[in-house]
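Trainee: 3D model of this:
(one chain, ligands or ions: 1)
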Amino acid sequence: MSRLEVLAVASEVFPLVKTGGLADVVGALPKALAREEVRLRTLVPGYRPVLAGLEGRKVIRRFDDWFGGPAELLSGEADGLPLFVLDAPHLYDRDGGPYADAQGRDFGDNAIRFAALARMGANIAQGCAPRYRPAVVQTHDWQAGLTAAYLHFDGGPRPGVVCTIHNLAFQGQFDRALLGRLGLGPEAFTPDGVEYYGDIGFLKAGVRLADRITTVSPTYAAEICTPQGGMGMDGLLRGRADRLSGIVNGVDTDVWDPAADPLIAAPFSATDLAGRAADKAALQERLHLDCDPGAPLFGVVSRLSWQKGVDLLAQALPTLIAHGGQLALLGSGDAALEGELLHAARTHPGRIACVLGYDEALAHQIQAGADAILVPSRFEPCGLTQLCAMRYGAVPVVARVGGLADTVIDAAPMALASGAATGVQFAPVEVAALEIALRRTIALYRDRPAWSRLQAQGLQTDVSWARPAKLYAELFADLVRERGG
Ligand SMILES: Nc1ncnc2c1ncn2[C@@H]1O[C@H](COP(=O)(O)OP(=O)(O)O[C@H]2O[C@H](CO)[C@@H](O)[C@H](O)[C@H]2O)[C@@H](O)[C@H]1O
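Mentor: Below you'll find the predicted structure:
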């Protein structure tokens, strides 16, 4: 089998720049796909941490004016990942995060910043990097969506294009007046092009013009074809349903390895969970929770947004407390919700701890020390924290939506008796159902044999990238065959 060359275009990549699960996936896929004879090289924007982490930096091309300023296309590596980097200081050399300033306000020129990235993706796909001709381009989320449009409207030979949706809630919708500045002609502004409800739709362009569309679980792939889950794009997605598929994410089992995790207090493994008690104690101590080994300790690691349903959890906290539970929450996002959670922590000292902010080490410590990980999302394309939970012997308690429905097997009596169950699911995604799930989980926790079975089954579940990587490799190979490659 000869190696298949794939160019990924993405706005985040772990470990250099991450605001959420997108970065984890973009960072883990190249390693996983290398085992499947697919060579994935990723184009990312030259944000400060990306340039600082780039090794073996080489300038491939220079541009005097790339969307309003000079730019360079660089190649190099970071943490073993082969990268292309678009170094355009006028677009990416800024304080703040990848999308917003230090105060959390979206940059006003995000349309230009990510059109510049997508245009470079298209140029590389067309051969602008010497001796590099990818057979497939994989674009991640709206930030890379226009790549498909540039390739389509340029005409001429092009690789196959796969548009991967990690979250349909973020669509990249911008004023039509920008069309010319994005380098697109009026012919592109049609329903079969980039037009989207009278604006320009970056993700829409990808969904309309890519050869294949993937998302990160089969259930989410089905949900986004419905008016309830389609966020305005369901009609288009239904029309392209034969091109759409869902591949469940994995987790990087080197980064998430409880037996060799330098960030946790005590290592443990699937066959010897003894260290978990020390991890629980260390977590309780670090977060000033009562040092009670018998209290069921729930953990949450999440962006705090409507999607994640943490507001429902805030309302269900009296139930959690009344049944003897504790909560360790790490998250950041919605300011009102942050305030509500801090208030709950002040009201229940020793029982509820909330850390606001982004903290990779604490995320690992919560996975290792919590008894259960809560994911009460209103929608969830895949979700990674429930997968990490299974790998770390924490029992996932999840809303029955999207990838959560696909990855956790509910502890219904038969599933528990047969040893198949790995966690607790609840539906509908409402406070009352969440409260029932909390009570069920605490009852299961107090039934030690049942709890051990849940933990053991989760620990045995393969949450690695091995299977998903095979599915991506098949999809890429299939696309190349279809295009006569
Ligand atoms: N405050 C914090 N501190 C430290 N770490 C934190 C953190 N908040 C979140 N994280 C970490 O960020 C990642 C979040 O990934 P998720 O998949 O759960 O959600 P996200 O909605 O960002 O991703 C979107 O893309 C991914 C990838 O496809 C889909 O799984 C998902 O459903 C979709 O919404 C996890 O690795 C988690 O540990």
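Trainee: wait, is Leu283 part of a helix?
Mentor: Yes. Looking at Leu283 with DSSP: H, G, I helix; E, B strand; the rest coil, it is inside a helix.
Trainee: residue contacts, the closest residue to it other than its chain neighbours?
Mentor: Counting by C-beta to C-beta, 6 or more residues apart in numbering, Leu283 lies nearest to Gly369, which is 3.2 Å off, once chain neighbours are set aside. Where C-beta positions appear, they are placed from N, C-alpha and C, glycine not excepted. Shown in contact with Gly369 (C-beta atoms under 8 Å, 6 or more residues apart in numbering): Ile264, Ala265, Arg276, Asp279, Lys280, Ala281, Ala282, Leu283, Gln284, Leu297, Gly299, Ala328.
Trainee: give me phi/psi at Gly369?
Mentor: phi -100, psi -20 (degrees, to the nearest 10).
Trainee: equivalent analysis for Val397, please.
Mentor: phi -120, psi 110.
Trainee: okay, buried residues for the helix or strand hosting Val59 please.
Mentor: Using DSSP states H and E, Val59 sits within strand 55-63. Of all the residues in strand 55-63, those buried under the rule 16 or more other C-beta atoms under 10 Å are Ile60, Arg61, Phe63.
Trainee: after the strand or helix carrying Pro449 comes which helix or strand?
Mentor: Here Pro449, judged by DSSP H and E, is contained in helix 448-460. Counting by DSSP H and E, the next helix or strand C-terminal to helix 448-460 is helix 466-482.
Trainee: distance from the chain centre to that following helix, please.
Mentor: 20 Å (C-alpha atoms, centre = their mean, to the nearest Å).
Trainee: does stretch 464-475 come close to the ligand?
Mentor: No. Stretch 464-475 stays clear of the ligand (C-beta under 6 Å from any ligand atom), getting no nearer than 10.5 Å.
Trainee: got it, and stretch 310-317?
Mentor: No. On the criterion C-beta under 6 Å from any ligand atom, stretch 310-317 is out of touch with the ligand, staying 10.7 Å away.
Trainee: renumber starting at 57 from here on
Mentor: Will do, 57 is the new start, and the previous item becomes stretch 366-373.
Trainee: now do that stretch, average pLDDT.
Mentor: Averaged across stretch 366-373, the pLDDT comes to 98.
Trainee: with stretch 75-87 instead?
Mentor: Stretch 75-87 comes out at a mean pLDDT of 96.
Trainee: what are the buried residues along the helix holding Pro505?
Mentor: Quick answer for helix 504-516 (16+ other C-beta under 10 Å): Ala506, Trp507, Arg509, Leu510, Gln511, Ala512, Gln513, Gly514, Leu515.
Trainee: roughly how far does the residue nearest to Pro101 when sequence neighbours are not counted sit from Ile269?
Mentor: In space, and not counting its chain neighbours, Pro101 is closest to Tyr148: 4.7 Å by C-beta to C-beta, 6+ apart. Here Tyr148 is placed at a distance of 27 Å from Ile269 (C-beta to C-beta, to the nearest Å).
Trainee: now swap in Ala244 and tell me
Mentor: Counting by C-beta to C-beta - Ala244 and Ile269 are separated by 19 Å.
Trainee: for the stretch 257-406 of the chain, give me the ranges with low pLDDT.
Mentor: Low-confidence segments of the stretch 257-406 of the chain, defined by pLDDT under 70: none present.
Trainee: which bits of it sit near the ligand?
Mentor: So the stretch 257-406 of the chain meets the ligand at Val272, Asn305, Val357, Ser358, Arg359, Leu386, Gly387, Ser388 (C-beta under 6 Å from any ligand atom).
Trainee: would you put the C-alpha positions of the helix or strand that the last one is a member of in CSV?
Mentor: Put plainly, it is Ser388. In the assignment (DSSP H and E), Ser388 maps to strand 382-389. The C-alpha atoms that make up strand 382-389 are tabulated as CSV, following Å, rounded to 0.1, in the frame of the first residue of the first chain:
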residue,chain,number,x,y,z
GLN,A,382,-19.4,16.4,46.0
LEU,A,383,-18.6,18.4,42.9
ALA,A,384,-15.2,19.4,41.4
LEU,A,385,-15.8,21.7,38.4
LEU,A,386,-13.3,23.2,36.0
GLY,A,387,-14.5,25.4,33.2
SER,A,388,-14.6,28.8,31.7
GLY,A,389,-17.0,30.7,29.4
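Trainee: quick one: that strand to chain centroid distance?
Mentor: 18 Å.
Trainee: swap in stretch 407-427?
Mentor: Distance, centroid of stretch 407-427 to centroid of chain: 18 Å (C-alpha atoms, centre = their mean).
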